[in-house]
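In: got a predicted model here, sequence first, then my questions.
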Number of protein chains: 2
Amino acid sequence: MTKKEVLVLEDLLGTNKKIAADIRKQLSQKGILSVNLMSSPGAGKTTLLESIAERLSTVYKMAVIEGDIETERDADRIRRKGIPAWQILTGGACHLEAKMVGRLFPEIPADLDFLFIENVGNLVCPASFDLGENIRCVLLSTPEGDDKPKKYPKAFTTSDWLIVTKTDLVPPLPFDIQKAIREAKEVNPSLQTFTVSALEGKGVDTLVEQLIAALDELRKNDA
Amino acid sequence: MTKKEVLVLEDLLGTNKKIAADIRKQLSQKGILSVNLMSSPGAGKTTLLESIAERLSTVYKMAVIEGDIETERDADRIRRKGIPAWQILTGGACHLEAKMVGRLFPEIPADLDFLFIENVGNLVCPASFDLGENIRCVLLSTPEGDDKPKKYPKAFTTSDWLIVTKTDLVPPLPFDIQKAIREAKEVNPSLQTFTVSALEGKGVDTLVEQLIAALDELRKNDA
């Protein structure tokens, strides 16, 4: 990168960080837990959210911000579950930024429990942008291969949770779940890890329990 | 984006375009066909290259430039097939740029037939950067879902070929190959399309025939 490019990028990241910190503070004060989901395209973010919604929305109020380059398809899928969803269309941009989330603030109900933010499908760029989340999750789907944590480390080093998705495809897929988790923990020893098959409903209950525990923790700390 | 960000980006893309045009000219003059492979992480770029190498390298000379954020794993896989491979580590950057390819020029043998460039696994950013290729391919693997051409249009609008990979996983995967191809052609009517299972070797012969035809065409035009 040229010096000019570096300066512009630093400026952008610095501004993003400040807006994100403000979002986190405001949401926490309202007792809303925010979760940022990052992954490659097609790793199963929307399907996982549908599966979480089925379990969570009977007791808790949740809403979803969908980040996509084009189409309203993901937000429509979430709305069909009876969950409020806002679609952010980045129009080409490869990641969400905190200011895009901030613009939706006036529309976000104050009595929410959970705000999920589904990032643009991209295992690289979203990792550089804090969206004001309390929990950052990286999803790794089994068809992508178990070598991804070492090849795309930033998404794993900056995340709190790793969720291995589509475990129903192993076997026949030659994905070594233990290897993927081990190598992810080598790049980030504090990662909390989950394995799920949203299609078969496996592992989602455990994930939902941890989400509720994190919400309780947030409200205890902010009380 | 701010005005400053837009200016820096335009500058970067303009410079990249010039370097790419020069690379394309130099390679074409040597009779080398260059192919840029783009896709999400884990869509099967390296496996497809291994499969192409098995068929092509008995008669033709090929080499591979591997773009990754971290690790030499992909270049090592190609080398194990007896194919020269160079690993470009972007160290965090989400795409290859023409200048990175240009730096390898002194090492590229002049008697090559095919130069493949495997881009960083990312369905968004690489689409903005011409690498001096003759053929740009976008790979879409069936586990990613058949909705991706509309959701990530730029990779499809800027490509010459669409290669649907991992067709052996359909069924059980609910990927509608005809829908994916139809929607890809809606965003880019001139796309040439292929379906392959590199694991089962299906469709790769057809792809290799088209690569050889494109090489013949290049040499005829440049003669």
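Out: The structure has been received and is ready for your questions.
In: quick check, pLDDT for the nearest residue to residue A:30 once chain neighbours are set aside.
Out: Leaving aside its chain neighbours, residue A:30 sits nearest to residue A:110 (5.3 Å; criterion: C-beta to C-beta, 6 or more residues apart in numbering or on different chains). The way it works is simple: take the backbone N, C-alpha and C, and place the C-beta from them, glycine included. Each residue has a pLDDT score; the one for residue A:110 is 92.
In: tell me the SS of residue A:110?
Out: When the structure is split into helix, strand and coil by DSSP: H, G, I helix; E, B strand; the rest coil, residue A:110 lands in coil.
In: output whichever strand or helix holds residue A:65 as PDB - backbone C-alpha positions only.
Out: Element membership of residue A:65 [criterion: DSSP states H and E] is strand A:62-68. Only the C-alpha atoms of strand A:62-68 are listed here, as PDB (Å, rounded to 0.1, in the frame of the first residue of the first chain):
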ATOM      1  CA  MET A  62     -34.800 -10.500  18.700                       C
ATOM      2  CA  ALA A  63     -34.200  -8.500  15.500                       C
ATOM      3  CA  VAL A  64     -31.700  -8.900  12.700                       C
ATOM      4  CA  ILE A  65     -29.700  -6.500  10.500                       C
ATOM      5  CA  GLU A  66     -28.800  -8.200   7.200                       C
ATOM      6  CA  GLY A  67     -25.800  -7.000   5.300                       C
ATOM      7  CA  ASP A  68     -25.600  -7.900   1.600                       C
END
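In: ok now it, how far from the chain's centre?
Out: Mean C-alpha position of strand A:62-68 versus that of the full chain (C-alpha atoms, centre = their mean, to the nearest Å) differs by 10 Å.
In: does that strand reach chain B?
Out: Yes: Strand A:62-68 comes into contact with chain B (C-beta under 8 Å from any C-beta of the partner chain), by way of residue A:68.
In: now do that strand, average pLDDT.
Out: If you average the pLDDT over strand A:62-68, you get 98.
In: show residues contacting the following helix or strand past it.
Out: Beyond strand A:62-68 in the direction of the C-terminus, DSSP H and E gives the next helix or strand as helix A:73-79. Outside of helix A:73-79, the residues that reach it under the criterion C-beta atoms under 8 Å, 6 or more residues apart in numbering or on different chains are A:46, A:49-50, A:53, A:64, A:66, A:68, A:85-87, A:118, B:147, B:150-151.
In: let's see that with 7 Å instead.
Out: A:46, A:49-50, A:64, A:66, A:68, A:85-87, A:118, B:147, B:151 (C-beta atoms under 7 Å, 6 or more residues apart in numbering or on different chains).
In: what about residue A:198, distance to chain B?
Out: Using C-beta to the nearest C-beta, to the nearest Å, one gets 13 Å for the distance from residue A:198 to chain B.
In: contacts only, for that residue.
Out: Residue A:198 sits next to A:44, A:47-48, A:51, A:165, A:204 when contact means C-beta under 7 Å, 6+ apart.
In: how about it: what's its closest non-neighbour residue?
Out: residue A:51 (4.1 Å).
In: what helix or strand is the one you found located in?
Out: Assigned by DSSP H and E, residue A:51 falls in helix A:45-56.
In: before we move on, the earlier item: burial count for the residue nearest to residue A:30?
Out: Other residues within reach of residue A:110 by the criterion other C-beta atoms under 10 Å in any protein chain shown amount to 10.
In: could you do residue A:202 as well?
Out: A total of 14 residues lie near residue A:202 under the criterion other C-beta under 10 Å.
In: who touches the strand holding residue A:65?
Out: With contacts defined as C-beta under 7 Å, 6+ apart, strand A:62-68 is touched by A:49, A:53, A:56, A:74-75, A:78, A:83-90, A:96, A:101, A:104, A:108, A:112-120, B:151.
In: that strand to helix A:45-56, inter-axis angle?
Out: Comparing the axes of strand A:62-68 and helix A:45-56 via axes from the mean of the first three to the mean of the last three C-alpha atoms, to 10 degrees yields an angle of 180 degrees.
In: check the secondary structure at residue A:9 for me.
Out: Assigned with three-state DSSP, residue A:9 falls in the helix class.
In: need the nearest residue in space to it, chain neighbours excluded.
Out: Closest residue in space to residue A:9, ignoring its immediate chain neighbours: residue A:1 at 7.3 Å, by C-beta to C-beta, 6+ apart.
In: and the residue positioned nearest the centre of chain A, what's its pLDDT?
Out: For chain A, the residue nearest the mean C-alpha position is residue A:37 (1.1 Å; C-alpha atoms, centre = their mean). Each residue has a pLDDT score; the one for residue A:37 is 98.
In: partners of it in the sheet?
Out: Applying DSSP bridges to residue A:37 gives these bridge partners: residue A:118, residue A:137.
In: that one contacts residue A:120, correct?
Out: No: counting by C-beta atoms under 7 Å, residue A:37 does not reach residue A:120; the two are 10.6 Å apart.
In: for the residue nearest to residue A:198, give me its contacts.
Out: With contact taken as C-beta under 7 Å, 6+ apart, residue A:51 is in contact with A:198, A:201, A:204.
In: that one and chain B, how far apart?
Out: If you go by C-beta to the nearest C-beta, the gap between residue A:51 and chain B works out to 16 Å.
In: how about the strands in chain A?
Out: Under the criterion DSSP state E, strands of chain A are mapped to A:33-38, A:62-68, A:85-89, A:114-118, A:135-141, A:161-165, A:192-195.
In: need those in CSV (columns: distance to residue A:184).
Out: Compiled in CSV, the strands of chain A are given as follows (distance: least, C-beta to C-beta, whole Å):
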stretch, distance to residue A:184
strand A:33-38, 13
strand A:62-68, 23
strand A:85-89, 28
strand A:114-118, 20
strand A:135-141, 8
strand A:161-165, 5
strand A:192-195, 7
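In: which residue packs closest to residue A:13, ignoring adjacent ones?
Out: In space, not counting the residues next to it along the chain, residue A:13 is nearest to residue A:128; the distance is 6.5 Å by C-beta to C-beta, 6+ apart.
In: and what of residue A:47?
Out: On the basis of C-beta to C-beta, 6+ apart, the spatially nearest residue to residue A:47 that is not a chain neighbour turns out to be residue A:198, at 4.5 Å.
In: name the spans of chain A whose pLDDT lies under the cut-off.
Out: By pLDDT under 70, the low-scoring segments of chain A are A:223.
In: can you pull the residues of it lying near chain B?
Out: A:4-5, A:8, A:12, A:40-42, A:68-71, A:73, A:92, A:94, A:121-125, A:141, A:143-145, A:147-148, A:150-154, A:166 (C-beta under 7 Å from any C-beta of the partner chain).
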